[in-house]
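**Q** sequence unknown, structure follows:
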């Protein structure tokens, strides 16, 4: 069994929206509050381009853009953990 590492102090949290973004209320203000909470705990944040997108039909953006976003973030060496 592979056990992943815990998020280190001052690590970087990546946020992606491969399904639904936070472009409308109450999701937008809840997401902004969560970002504030993580930053106050010393974490760095990296937001994907689809986090505040709402142009897709039933998803945040086009399937191609959503797939590209999540693949890019999985491969990003700066990102320690992903939250969708």
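**A** Ah, there it is. Predicted model only: the values in this text are computed from it and were never measured. Numbering: from 1, shown residues only.
**Q** just checking, what packs against the helix or strand harbouring residue 39?
**A** Using DSSP states H and E, residue 39 falls within helix 27-40. Packing contacts for helix 27-40, counted by 3 or more Cβ pairs under 8 Å, 6 or more residues apart in numbering; DSSP states H and E, involve strand 12-15, strand 44-47. From N, CA and C alone the C-beta is placed, and that goes for glycine too.
**Q** can I get those in JSON lines including mean neighbour count and distance to residue 83?
**A** Formatted as JSON lines, these follow (neighbours: other Cβ atoms under 10 Å; distance: least, Cβ to Cβ, whole Å):
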{"stretch": "strand 12-15", "mean neighbour count": "20", "distance to residue 83": "5"}
{"stretch": "strand 44-47", "mean neighbour count": "16", "distance to residue 83": "10"}
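**Q** these: which one's closest to residue 84?
**A** For the helices and strands packed on helix 27-40, the distance to residue 84 is smallest for strand 12-15, at 7.6 Å, taking Cβ to Cβ.
**Q** do me a favour and average the pLDDT over that closest one.
**A** Strand 12-15 shows a mean pLDDT of 97.
**Q** quick revisit: quick one: the helix holding residue 39 to chain centroid distance?
**A** 12 Å (Cα atoms, centre = their mean, to the nearest Å).
**Q** ditto for stretch 1-11
**A** Centroid separation between stretch 1-11 and its chain, computed with Cα atoms, centre = their mean, is 17 Å.
**Q** for the residue most central in space within the chain, which residues make a bridge with it?
**A** Most central in the chain under Cα atoms, centre = their mean is residue 15, positioned 0.9 Å from the mean C-alpha point. Residue 15 has these beta-bridge partners by DSSP bridges: residue 47, residue 83.
**Q** show me the contacts for it.
**A** For residue 15, the contact set (Cβ atoms under 8 Å, 6 or more residues apart in numbering) comprises 31, 35, 45-48, 51, 82-84.
**Q** and residue 13, by the same measure?
**A** 7, 38, 43-46, 79-83.
**Q** PyMOL command for the buried members of those?
**A** Burial among the contacts of residue 13 is assessed by 16 or more other Cβ atoms under 10 Å; the matching PyMOL selection reads:
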select buried, resi 43+45+46+79+80+82
